[in-house]
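1. Next one to model:
(2 chains)
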Amino acid sequence: MTKVILTNVTHNYPLYVASNMSIRKALIELFISNNGVKKKSTVNQITALDDVSLNLLPGDRLGVLGDNGAGKSTLLRVIAGIYKPTSGNVIVEGKISSLLDIFFGINMDATGRENILIRGILLGLSRDEIKKISEKIIEFIDIDEFIDYPIKTYSTGMKMRIAFAISVYINADILILDEWLSVGDKGFVQKAEKALTDKISSAQIVVYASHSEEQIKRTCNKIIYLKKGRISSFYENS
Amino acid sequence: MNEIISGFNDFIKALRRPDLWFYMAFFDVRMKYRRSYIGPWWETISSGLIIATLGFLWSKIFVIDITVYLPYFAVGFIIWSFITSQVNEACEIFYLHQNIILNIKTPYHSLLLRLAFKNGLILLHSLLILIPIIIYTVGLKLIFLYSLLGLAILLINLVFLSVVVAIFCLRFNDTKFAVGNLMQVLFFITPIVWMPSLLRGRSWVLDYNPIYHWINMIRDPIISYNVPYHSFFISLATILVLAIVSFYFLGRVERRIPFWY
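-> Just a heads-up that it's a prediction; the model follows:
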């Protein structure tokens, strides 16, 4: 069954800066010991997630609110399996489609059609599966003949649309979106919200981070508010 | 040991998704030459030009008959270009695909396999220039199939080697400068331009240089109709060593890679 369960997840984000990434320092630490005790420089850490627990089941649409640096993106990356947390348990079952960065897998010289194909491949679909859904995606994006032009000729709004549509229409169990709908034009935002709530995406669980409380209230049934990596409030939205 | 297993698992996951590297390699080549009229045939032209000019010049300098020197230099130079582009591009590969790594869990090996096949496809275009050279000098022989086998062995070696290079270049910025420098030195100490016979007797420069064996295993069947079993054996051994080293390093740093950007 599709599920996302996080228990007491704490994630420290190591800050690699030029001084602790140098090869000289690493070599010195490797070979020179001080009074027989090897000194290991510590990498500065920031606690990005602090004791976060979550339980999402099919049908859940989780909205993640919080200020800049509250840990929203880190939480999404932990769920997506990109970051392995410092401590705590993460159980995620189901196929994930994540959209954390607009330019993920997008090649500016490739056409819209080709980009649908390559992002589909990167998200783990077979080429047959992609062919099946690409007509639906093209219909949703609604950009006419631009679909056969290179993406670099697109307006920002068109780039958004194509990126959003590919990730939403892909048959994934878990859909992870970061700050998506806040940027498109109004007509598209409405269409996209409808897509999310109508579940024309077959995703059973949606995790969506945003600054816009209003939008999250419209689309999500569970809402958490993150503050300095902790869940400061949680409520269900009927 | 755990590190090696987890690096190995990454490799297996990558192999299970051939679209990620095989199909994407074709896509990369297509993208590289989009809007170019001559396209990947530029590789054929530029290799041909270098081989023709430098081949004639150096055959005079070394006083070696052109029909002997030209196939020797041509094969060595084309194989070398494949090696050096794979290693040099590996330095930037994790930066290039940053948006993949930070967006969805993807086997790291798939990125290096993709790079190796892309460079392999480009190599195929350069190889065409060899056909006329070989026909007019040494002649086509069945024994050349060993060279194809050698190419496959080289490709596998390069995949594992470039995993290690990619990891170190991402972690330590100095590595990419060192790698660029090292590759230049290796070009001159590996017998590509010069022939081993000029050394008068074997030397450590040959014996302990795996790149010599990689090139020799492909070049020797063509220029002297001889299968260098010794070089084949060493190249298979380097696969084993490089695989273990790359699995170990990848397994060790896998979870930290996303933080190194």
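
2. Could you export the helix or strand encompassing B:Ile222 as CSV, CA atoms only?
-> Taking DSSP states H and E as the criterion, B:Ile222 maps to helix B:210-224. Extracted in CSV, the C-alpha atoms of helix B:210-224 (Å, rounded to 0.1, in the frame of the first residue of the first chain):
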residue,chain,number,x,y,z
PRO,B,210,47.3,0.5,-17.4
ILE,B,211,46.4,3.0,-20.2
TYR,B,212,49.2,1.5,-22.3
HIS,B,213,47.6,-1.9,-21.9
TRP,B,214,44.1,-0.6,-22.7
ILE,B,215,45.3,1.0,-25.9
ASN,B,216,47.7,-1.9,-26.8
MET,B,217,44.9,-4.5,-26.5
ILE,B,218,42.9,-2.6,-29.1
ARG,B,219,45.8,-1.5,-31.3
ASP,B,220,48.0,-4.6,-31.4
PRO,B,221,45.5,-6.9,-33.3
ILE,B,222,45.2,-4.2,-36.0
ILE,B,223,48.8,-3.2,-36.5
SER,B,224,50.6,-6.5,-35.9
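
3. Which neighbouring elements make contact with it?
-> helix B:66-96, helix B:145-171, helix B:229-253 (3 or more Cβ pairs under 8 Å, 6 or more residues apart in numbering or on different chains; DSSP states H and E). Placement of C-beta: from N, CA and C, glycine included.

4. show me what contacts the most centrally placed residue in chain B?
-> The centre of chain B sits closest to B:Ile83, judged by Cα atoms, centre = their mean, with a distance of 2.5 Å. Residues in contact with B:Ile83, defined by Cβ atoms under 8 Å, 6 or more residues apart in numbering or on different chains, are B:Leu154, B:Leu158, B:Ile211, B:Trp214.

5. Max pairwise distance over these: which two?
-> B:Leu158 and B:Ile211 (10.5 Å; Cβ to Cβ).

6. Is the nearest residue to B:Ile66 once chain neighbours are set aside in a helix, a strand, or coil?
-> Nearest residue to B:Ile66, sequence neighbours excluded (Cβ to Cβ, 6 or more residues apart in numbering or on different chains): B:Ser59, at 4.7 Å. The three-state assignment at B:Ser59 reads helix, by DSSP: H, G, I helix; E, B strand; the rest coil.

7. go on, A:Gly63?
-> Quick answer, by three-state DSSP: A:Gly63 is strand.

8. Contacts only, for it.
-> A:Gly63 neighbours (Cβ under 8 Å, 6+ apart): A:Tyr208, A:Ala209, A:Ser210, A:Ile216, A:Lys217, A:Thr219, A:Cys220, A:Lys222, A:Ile223, A:Ile224, A:Asn237.

9. Of the residues you listed, just the buried ones, ChimeraX syntax please.
-> Of these, the buried ones can be selected in ChimeraX as follows, counting by 16 or more other Cβ atoms under 10 Å in any protein chain shown:
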select /A:208,209,210,216,219,220,222,223,224
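
10. who in chain A is up against chain B?
-> Neighbours of chain B within chain A, by Cβ under 8 Å from any Cβ of the partner chain: A:13-14, A:16, A:21-23, A:26, A:77, A:80-84, A:96-101, A:103-105, A:107, A:109-110, A:114, A:118, A:121-124, A:126-127.

11. Which ones among those lie within helices?
-> Under the assignment DSSP state H, the residues of chain A next to chain B contribute A:Ile23, A:Ala26, A:Arg77, A:Ala80, A:Glu114, A:Ile118, A:Ile121, A:Leu122, A:Arg127 to helices.

12. A:Phe103 versus A:Thr2, what's the distance?
-> Using Cβ to Cβ, to the nearest Å, A:Thr2 is found at 28 Å from A:Phe103.

13. Just name the shakiest helix or strand of chain A by mean pLDDT.
-> helix A:23-31 (a mean of 73; mean pLDDT, DSSP states H and E).

14. and A:Phe31, how many residues sit next to it?
-> 8 (other Cβ atoms under 10 Å in any protein chain shown).

15. so what's it up against?
-> Contacts of A:Phe31 (Cβ under 8 Å, 6+ apart): none.

16. Tell me the spacing between it and B:Arg171.
-> 18 Å.

17. same question, A:Glu135
-> Counting by Cβ to Cβ - A:Glu135 and B:Arg171 are separated by 44 Å.

18. More neighbours: the two, which one.
-> Taking other Cβ under 10 Å, A:Glu135 and B:Arg171 do not tie; B:Arg171 has more neighbours (19 against 9).

19. what's the pLDDT at the closest residue in space to A:Leu117 that isn't next to it in sequence?
-> Leaving out its chain neighbours, the residue that sits closest to A:Leu117 by Cβ to Cβ, 6+ apart is A:Ile130, at 5.6 Å. pLDDT for A:Ile130: 89.
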